[in-house]
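Undergrad: Kindly return the folded structure for what I paste below:
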Amino acid sequence: MMKWLRENVYAAGIVTIVRLIVGWAWLDAGFHKLKGGFDATGYLKNAVTNPVMDKATNELVYPTFTKFIEHFALPNVKLINILIPVGEFLVGVGLIVGGLTAAAAFFGLAMNFMFLFAGTVSTNPWLVLLGVIVLLAGTNAGRFGLDHYLLPILRKGWLRVKGRGGAAGTGTGAGAGGKLNGNTL
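TA: Sure, this is the predicted structure:
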């Protein structure tokens, strides 16, 4: 199943549709926050005063996250007020254009889990489910997007940084289209 999801052209088409739906949800949420102004102060204060509690033991379910909100997010709310809308918008753009798709899906999932830890359900479970599908598809998720062109360029640049890409004049590597350690570049 994973091989199909990560390599099959039909899976890439299905994941592209999922990626566009999730991307639109993120882009829309971020755009409205950027356009209409956004202040997370009330949301963060509510997450601290009404945290997710275990009904049986009356203890915090996510005590570390509650402390994070109380001791980092609230004192730095001006930073949070920028990071959330810009992050949502960029995750949406990345998913819609299919550029750095796995990174966009990862950061979208990270935001979803933070919202869930703070006690907000909303559409977050659906976005988590669909985001996991996009993330598990790996590079196949961006097959019909910018990743098709971007990832080979990034891979080639990474190999040069690592000293295996055949930088001119160094006498290392095999150059474009050659073989390196028995693997075709």
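
Undergrad: Now do the buried residues in the longest helix seen in the chain.
TA: The longest helix of the chain (DSSP state H) is helix 9-36. Judged by neighbour count (16 or more other Cβ atoms under 10 Å), helix 9-36 contains these buried residues: 11-12, 15-16, 18-20, 22-23, 25-27, 29-30, 33. (Glycine included, C-beta is placed from N, CA and C.)

Undergrad: From the contact counts, what lies against the next helix or strand after it?
TA: Using DSSP states H and E, the helix or strand that directly follows helix 9-36 along the chain is helix 41-49. Other helices and strands packing on helix 41-49, by 3 or more Cβ pairs under 8 Å, 6 or more residues apart in numbering; DSSP states H and E, are helix 77-97.

Undergrad: Repeat the analysis, applying 10 Å as the threshold.
TA: With contacts defined as 3 or more Cβ pairs under 10 Å, 6 or more residues apart in numbering; DSSP states H and E, helix 41-49 has these neighbours: helix 63-68, helix 77-97, helix 101-117.

Undergrad: Now render the ones you listed as a markdown table, adding mean neighbour count.
TA: Shown next, in a markdown table, are these (neighbours: other Cβ atoms under 10 Å):
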| stretch | mean neighbour count |
| --- | --- |
| helix 63-68 | 15 |
| helix 77-97 | 19 |
| helix 101-117 | 20 |
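
Undergrad: Quick one: these as CSV, columns for distance to His148 too.
TA: Shown next, in CSV, are the helices and strands packed on helix 41-49 (distance: least, Cβ to Cβ, whole Å):
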stretch, distance to His148
helix 63-68, 37
helix 77-97, 11
helix 101-117, 10
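
Undergrad: Same list (these) but as TSV, adding mean pLDDT.
TA: Listed next are these as TSV, based on pLDDT from 0 to 100:
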stretch	mean pLDDT
helix 63-68	95
helix 77-97	97
helix 101-117	95
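
Undergrad: Go through the ones you listed and name the closest to Phe38.
TA: helix 77-97 (5.0 Å; Cβ to Cβ).

Undergrad: May I have the closest one as CSV, with CA atoms only?
TA: Output of helix 77-97 as CSV, limited to C-alpha atoms (Å, rounded to 0.1, in the frame of the first residue of the first chain):
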residue,chain,number,x,y,z
VAL,A,77,1.8,36.9,21.6
LYS,A,78,3.0,39.5,19.1
LEU,A,79,5.2,36.9,17.5
ILE,A,80,2.4,34.3,17.6
ASN,A,81,0.1,36.8,15.9
ILE,A,82,2.5,36.9,13.0
LEU,A,83,3.6,33.2,12.9
ILE,A,84,0.1,31.7,12.8
PRO,A,85,-1.5,33.6,9.9
VAL,A,86,1.8,33.6,7.8
GLY,A,87,2.3,29.9,8.6
GLU,A,88,-1.2,29.0,7.6
PHE,A,89,-0.9,31.0,4.4
LEU,A,90,2.5,29.5,3.5
VAL,A,91,1.3,25.9,4.2
GLY,A,92,-1.7,26.6,1.9
VAL,A,93,0.5,28.0,-0.9
GLY,A,94,3.0,25.1,-0.6
LEU,A,95,0.2,22.5,-0.8
ILE,A,96,-1.6,24.2,-3.6
VAL,A,97,1.4,24.7,-5.9
